[in-house]
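Colleague: Coordinates for the following, if possible.
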Amino acid sequence: MSIVIVPKHDKLGEGFSTKEKLKAMEHPGRQTNPMFGYQSPAFWIDDLCELKKIIVLCKVCRVHWNHRKHGYRKMFVPDTSGRSDGYQANGWCDACKQFTANMGGGTAYVSEEEYSKVCIDPVVARRNARAAWKEKPIYDIIVK
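Modeller: Numbering: from 1, shown residues only. As a prediction, this is how the structure comes out:
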C-alpha cells in the first residue's frame, strides 16, 4: 500500500506538469525485483497474450517469440515518409525492458481479433497508394 501526501485544501495532482502526471500513470511493466515477486520475461509476455495487449519486442527478443503460436500479427502502420517499412515500432521492450531504438529497432505485435481495429492491411495500403499515384495529373508530376 502506498501513502500519498496531499497538502491540506489542495487537489491531488495540483502543481505537477502534464509530463509528470503522464509519467505517474505509466505502468512499470514486469516485476524484476525479487523482493516483490520476480516475473520471468516469458511469463510476462504470456500474461500480456492472455489479456490481448499490444506487445513490443526489440530486435534481440523477437526471435525468441513465435507470434503465430499465440495468435498475434505484426502491427502495420503505413509510413508516408518512407523511413521505415511500416512494421517498425519503438518503445520499451516487454521482455528485456530496454528501449528498442537503442537495440536496433522494435516490432509491435497485436492480437488477431484486434488487428482490423487498429491496423490497415499492407496489401490494402499498397493498393490505395498506387491508386492515388495513378490519379495524379501528369502536369503535377512533371512540374515537381
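Colleague: What lies in contact with stretch 59-79?
Modeller: 41, 45, 49, 54-55, 57, 85-89, 93-96, 100, 103-113, 115, 118-122, 125, 129 (CB atoms under 8 Å, 6 or more residues apart in numbering). C-beta: built from backbone N, CA, C; applies to glycine.
Colleague: Narrow these to those in helices?
Modeller: 41, 45, 49, 112, 113, 115, 118, 122, 125, 129 (DSSP state H).
Colleague: Just the strands from the chain, written as ranges.
Modeller: Listed in chain order, the strands found in the chain under DSSP state E are 55-58, 72-74, 106-111.
Colleague: between the ones in helices among the contacts of stretch 59-79, which is closest to residue 25?
Modeller: Nearest to residue 25 among the ones in helices among the contacts of stretch 59-79, counting by CB to CB, is residue 118 at 20.7 Å.
Colleague: and the ones in helices among the contacts of stretch 59-79, which are buried?
Modeller: Buried by 16 or more other CB atoms under 10 Å: 41, 45, 49, 115, 125, out of the ones in helices among the contacts of stretch 59-79.
Colleague: Which member of the residues you listed is positioned nearest residue 81?
Modeller: Using CB to CB, residue 125 is the member of those that sits closest to residue 81, with 14.0 Å.
Colleague: Can you tell me how far the closest one is from residue 105?
Modeller: 20 Å (CB to CB, to the nearest Å).
Colleague: Same check on residue 112?
Modeller: Counting by CB to CB - residue 112 and residue 105 are separated by 23 Å.
Colleague: ok, now residue 32?
Modeller: From residue 32 across to residue 105, the span is 23 Å (CB to CB).
Colleague: cool, and residue 73?
Modeller: Using CB to CB, residue 73 is found at 18 Å from residue 105.
Colleague: which residues sit in contact with residue 121?
Modeller: Listed by CB under 8 Å, 6+ apart, the contact set of residue 121 reads residue 76.
Colleague: and if you look at residue 122?
Modeller: Shown in contact with residue 122 (CB under 8 Å, 6+ apart): 76, 78, 86.
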